[in-house]
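Q: Mind folding the following:
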Amino acid sequence: MKLNGKVSIITGGGKGIGRVIALEFAREGSDVVICGRTDKPLNETAKEIRSFGGKCLPIVTDISKKSDVEAMVNKTIKEFSKIDVLICNASIGGPISPVVDLDEKDWDEVMAINLKGTFLCCQAALKQMIQRKTGRIITISSIGGRYAYTNRSPYSTSKLAIVALMRVLAAEAGPYNIYVNDICPGVTESERLDWVLKTRAQALGISPEEVAADFKKKSPLLKFVKAEEISKAAVFLASDDSTGITGVSLRVDVGFMITHHA
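A: Reported below is the predicted structural model:
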């Protein structure tokens with residue numbers, strides 16, 4: 001129970017990697033707040049957490065809107081009186097297109113959710129953490145922001161910018177005993193993976209199986225990342241096991257970046 005007594009917010013906590021993180025945090029003793037844009041996946045995840053005795057508050061939230069984010073944080077404080085951990089996981093994949101053909105509205109949508117949404121959540125949670133002089137913030141970026149991820153410029157740019165934001169926040173929040181770190185996943189077995197494989201295959205004119213094989217062969221372990229491997233890294237960074245670590249982007253990428261000039 002490494003997170004016993006903690007209160008944690010996980011954005012995008014209804015499905016995919018966020019759902020797995022929420023379940024892991026609840027099993028480690030944390031009360032969990034999960035937010036997302038639709039209520040069904042949130043309620044299903046909350047039901048599962050409650051089934052083994054965990055506490056979970058699902059809140060429908062559009063993190064690209066400041067009013068929604070502030071309302072979500074206020075509901076968390078009203079329900080649990082504090083925020084110990086914020087996991088900025090929510091994001092969208094965006095279009096698969098070369099820059100020259102990219103629609104401006106698609107660029108704006110990815111930036112609004114992935115980057116602005118992360119900023120707004122960090123800003124709102126930090127105000128509470130600074131008052132208590134304690135807290136942990138963990139952003140979720142991607143190896144897609146660390147190398148030339150062709151045809152994914154909005155996603156790649158937003159994820160690299162999140163790392164820069166994390167480092168600034170770590171420097172600014174450190175004097176208040178607030179730790180800020182990042183997890184940088186590789187290609188992960190999650191609900192989004194099928195979409196990535198299919199849409200990238202269409203863009204490249206090859207099969208989804210060929211795309212999957214290409215990703216795997218770039219890992220020394222010849223496999224995808226499991227969402228549970230990311231959730232365990234998040235528990236580590238949220239717990240007292242990591243008191244010497246802040247401002248770090250921890251790659252959970254099955255070695256992908258070794259062959260991509262990390």
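
Q: Can you give me the buried ones in stretch 252-262?
A: Neighbour-count burial for stretch 252-262, counted by 16 or more other Cβ atoms under 10 Å, picks out 252-257. Using the backbone N, CA and C atoms, a C-beta is placed for each residue, glycine as well.

Q: residue with max distance from the center of this structure?
A: Here the chain reaches farthest from its C-alpha mean at residue 205, the gap being 29.9 Å by Cα atoms, centre = their mean.

Q: ok now do that one, which residues does it touch?
A: If you count contacts by Cβ atoms under 8 Å, 6 or more residues apart in numbering, residue 205 has none.

Q: Can you give me the distance of it to residue 103?
A: 21 Å (Cβ to Cβ, to the nearest Å).

Q: would you put the C-alpha positions of the lengthiest helix in the chain in CSV?
A: Determined from DSSP state H, the single longest helix within the chain is helix 153-173. C-alpha atoms of helix 153-173 as CSV (Å, rounded to 0.1, in the frame of the first residue of the first chain):
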residue,chain,number,x,y,z
SER,A,153,3.4,16.4,-36.1
PRO,A,154,0.7,17.8,-33.7
TYR,A,155,0.9,14.8,-31.4
SER,A,156,4.7,14.7,-31.4
THR,A,157,5.1,18.4,-30.8
SER,A,158,2.5,18.4,-28.0
LYS,A,159,4.3,15.5,-26.2
LEU,A,160,7.7,17.1,-26.4
ALA,A,161,6.3,20.4,-25.2
ILE,A,162,4.9,18.5,-22.1
VAL,A,163,8.4,17.5,-21.2
ALA,A,164,9.5,21.1,-21.3
LEU,A,165,6.6,22.2,-19.2
MET,A,166,7.4,19.4,-16.7
ARG,A,167,10.9,20.7,-16.2
VAL,A,168,9.8,24.3,-15.7
LEU,A,169,7.2,23.1,-13.2
ALA,A,170,9.8,21.0,-11.3
ALA,A,171,12.1,24.1,-10.9
GLU,A,172,9.2,26.4,-9.9
ALA,A,173,7.5,24.0,-7.5
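
Q: And the contacts of that helix?
A: 88, 91-95, 99, 102, 106-107, 110-111, 114-115, 118-119, 122, 126, 129-130, 135, 137, 139-142, 144-146, 149, 179-182, 184, 246-247, 249.

Q: That helix - what's its average pLDDT?
A: Averaged over helix 153-173, pLDDT sits at 98.

Q: before we move on, what about stretch 50-58?
A: 98.

Q: And it, how far out from the chain middle?
A: 20 Å (Cα atoms, centre = their mean, to the nearest Å).

Q: do stretch 23-42 as well
A: 13 Å.

Q: same question, stretch 143-150
A: 16 Å.

Q: Stretch 173-193 too?
A: On Cα atoms, centre = their mean, the centre of stretch 173-193 falls 6 Å from the chain's centre.

Q: With stretch 187-206 instead?
A: So, by Cα atoms, centre = their mean, the centroid of stretch 187-206 is 19 Å from its chain's centroid.

Q: measure that stretch end to end?
A: End-to-end distance of stretch 187-206: 18 Å, with Cα to Cα, to the nearest Å as the criterion.

Q: So what does the residue nearest to residue 195 when sequence neighbours are not counted have for phi and psi?
A: Distance criterion Cβ to Cβ, 6 or more residues apart in numbering; nearest residue to residue 195, sequence neighbours excluded, is residue 93 at 6.6 Å. Backbone torsions of residue 93, given as degrees, to the nearest 10, read phi -80, psi -30.

Q: circling back: is it possible to export the buried residues of stretch 252-262 to CSV including secondary structure and distance to residue 9?
A: Converted to CSV, these look like this (DSSP: H, G, I helix; E, B strand; the rest coil; distance: Cβ to Cβ, whole Å):
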residue, secondary structure, distance to residue 9
252, strand, 20
253, coil, 25
254, coil, 28
255, coil, 31
256, helix, 28
257, helix, 28
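
Q: Can you tell me which of the contacts of helix 153-173 are buried?
A: For the contacts of helix 153-173, buried by 16+ other Cβ under 10 Å: 88, 91-95, 102, 107, 110-111, 114-115, 118-119, 122, 126, 129-130, 135, 137, 139-142, 144-146, 149, 179-182, 184, 246-247, 249.
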